[in-house]
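1. give me the fold of what follows.
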Amino acid sequence: MVKTLAVKSLYYFVFIFIGITVFIVLQKPYTLHVTDKNRALATIIMSDVKSYDITTNGVVSFSSADFVKRYANYDEFDNVRLLRQNENGYVESVSAKEGILKKNLLKLKKDFRYDRSDGVSLRSEEVDYNLDSKVLSSQVDFTLSNFKGTSYGKSFVYDTLNGVIQASKIKAIMKETQK
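-> A predicted model of the protein is given here:
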């Protein structure tokens, strides 16, 4: 009697095993396929990013960001900082809370600051920099300062290659030097 109970139990387990196997084989596979039709998911996320531009003369520039997120069509940066020495020997410092690089246009937002070792400084909330034409522009209020005075304006376009600045609605406070 114990033998027949053991054989019956074996048949039940085999029958249940075959039934479950057939059921699983006939089911569609359960997969998780994460896609975003709007491409709003970052493909790469990096933190504490640092980049050095090194030539035979040494380190020419240093750039860093707290976070970089790479998307399909653009890159986002948090707390962007750039320190470099330009062709004239001045040390330049650029910083902004946010940056977006899309194709050849770098958009720096939220507390943009530019400082140069000769005393020139520029402040604005948003600045665009075209990497191909080397043109810096802003359509919002800005403040430009140097040792001679401070200028306030509504928008500007600065061609860095030719040194030409076009600005609108300027108010300037000039300092008089003693002779």
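2. do a quick rundown of the strands in this protein.
-> Secondary structure of the chain (DSSP state E): strands located at 44-55, 58-70, 75-85, 91-102, 105-116, 121-130, 135-138, 142-146, 149-153, 155-159, 164-168, 171-174.
3. just tell me which of these ends up closest to Gly19.
-> strand 44-55 (45.8 Å; Cβ to Cβ). All C-beta atoms are positioned from the backbone trio N, CA, C, and that covers glycine.
4. what helices or strands is the closest one leaning on?
-> strand 58-70 (3 or more Cβ pairs under 8 Å, 6 or more residues apart in numbering; DSSP states H and E).
5. now the residue lying closest to Phe142 once chain neighbours are set aside: how far from Ser133?
-> Closest residue to Phe142 apart from its sequence neighbours, by Cβ to Cβ, 6 or more residues apart in numbering: Ser124 at 4.1 Å. Using Cβ to Cβ, to the nearest Å, we find Ser124 at a distance of 19 Å from Ser133.
6. more neighbours: which of the two?
-> Neighbour comparison, Ser124 and Ser133: the larger count goes to Ser124, with 23 against 11 (by other Cβ atoms under 10 Å).
7. shouldn't the more buried one be in contact with Phe112?
-> Yes. With contacts counted by Cβ atoms under 8 Å, Ser124 reaches Phe112, the gap being 4.8 Å.
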